[in-house]
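Asks: structure for this input, please:
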Amino acid sequence: MSLDGAAEQLRARLDAKHRAREVGLRNARQAIRSSANAIRAAHRAELDRADQLLAEAHELLAVAESTLAAHPDVYYAGFLQDAQKEYAEALATRALVAGDPVPPPEDVGVGDAPYLNGLAEAVGELRRHLLDVLRRGDLPRATSLFAAMEEIHALLADLDFPEAITGNLRRSTDVARSIIERTRSDLTLTVIQRDLADALRHRPHGPEGE
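Replies: Numbering: from 1, shown residues only. From the prediction side, this is the model:
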């Protein structure tokens, strides 16, 4: 019995899978890098630059997805989902920093699990932006950002499904809750300090105020 024919076919299929994986890995890594740079640009209020980087990430993901479509075992190996999650996080961060609505899953174009985990990680980026806003003294804007953080957490906490379906969303949700509680403390302390400063500023002067 000769397996030469089978070996040739196996080699061809595995070679095709390997080439597809290399393209997918390369594009996924570049998409993660572009998404991270888009988040940094959004924090610097360079929204046009953020949009350019997000467009790059979207194109890289599209190529990776189409290349891996014929190889579902590689497609769902995890690295592509990680890149999709980073892209979803960057889109959500850019939108919320700019005061825009968070794009829905169908507009982002990634799987539900990467989308949800991207939202969860965007909570941390919102905390960073909120603290910058607080330092500038814009309490109303900080309060609005905190409300967005709570809304994201409420959505995540309401989705009680097995971890295999949600991509370990429970852990991401727990981390988001911890970030929100720390942010709540920061925001509350700022409000107390502001009210105290206002009270001291408006305190009557002279003998009656002493």
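Asks: which non-adjacent residue is nearest the residue nearest the centre of the chain?
Replies: Among the residues of the chain, the one closest to the centroid is E89, at 1.8 Å (C-alpha atoms, centre = their mean). Excluding its sequence neighbours, the residue lying closest to E89 (C-beta to C-beta, 6 or more residues apart in numbering) is G118, at 3.9 Å. Every residue, glycine included, has its C-beta placed from N, CA and C.
Asks: buried residues of the least confident helix or strand in the chain by mean pLDDT, list them for me.
Replies: Ranked by mean pLDDT, DSSP states H and E, the weakest helix or strand in the chain is helix 169-201, scoring a mean of 83. Neighbour-count burial for helix 169-201 flags 169-170, 172-173, 176-177, 179-180, 183, 187, 190 (criterion: 16 or more other C-beta atoms under 10 Å).
Asks: sorry, back to before: give the contact list for the residue nearest to the centre of the chain.
Replies: 35, 39, 118-119, 121-122, 125 (C-beta atoms under 8 Å, 6 or more residues apart in numbering).
Asks: wait, A28 sits on K85?
Replies: No. Using C-beta atoms under 8 Å, A28 is not in contact with K85; the gap is 10.7 Å.
Asks: how about the nearest residue to Y75, chain neighbours excluded?
Replies: Going by C-beta to C-beta, 6+ apart, Y75 has L68 as its nearest residue, at 4.1 Å.
Asks: any idea how far the one you found lies from G167?
Replies: Distance, L68 to G167, by C-beta to C-beta, to the nearest Å: 17 Å.
Asks: what does L61 give?
Replies: Distance from L61 to G167, counting by C-beta to C-beta: 16 Å.
Asks: ok, the two, which is more surrounded?
Replies: Neighbours per residue (other C-beta atoms under 10 Å) separate L61 from G167, with L61 holding more: 25 against 21.
Asks: pLDDT on the helix or strand harbouring that one, on average?
Replies: Here L61 sits within helix 47-68, counting by DSSP states H and E. Here helix 47-68 scores 96 as its mean pLDDT.
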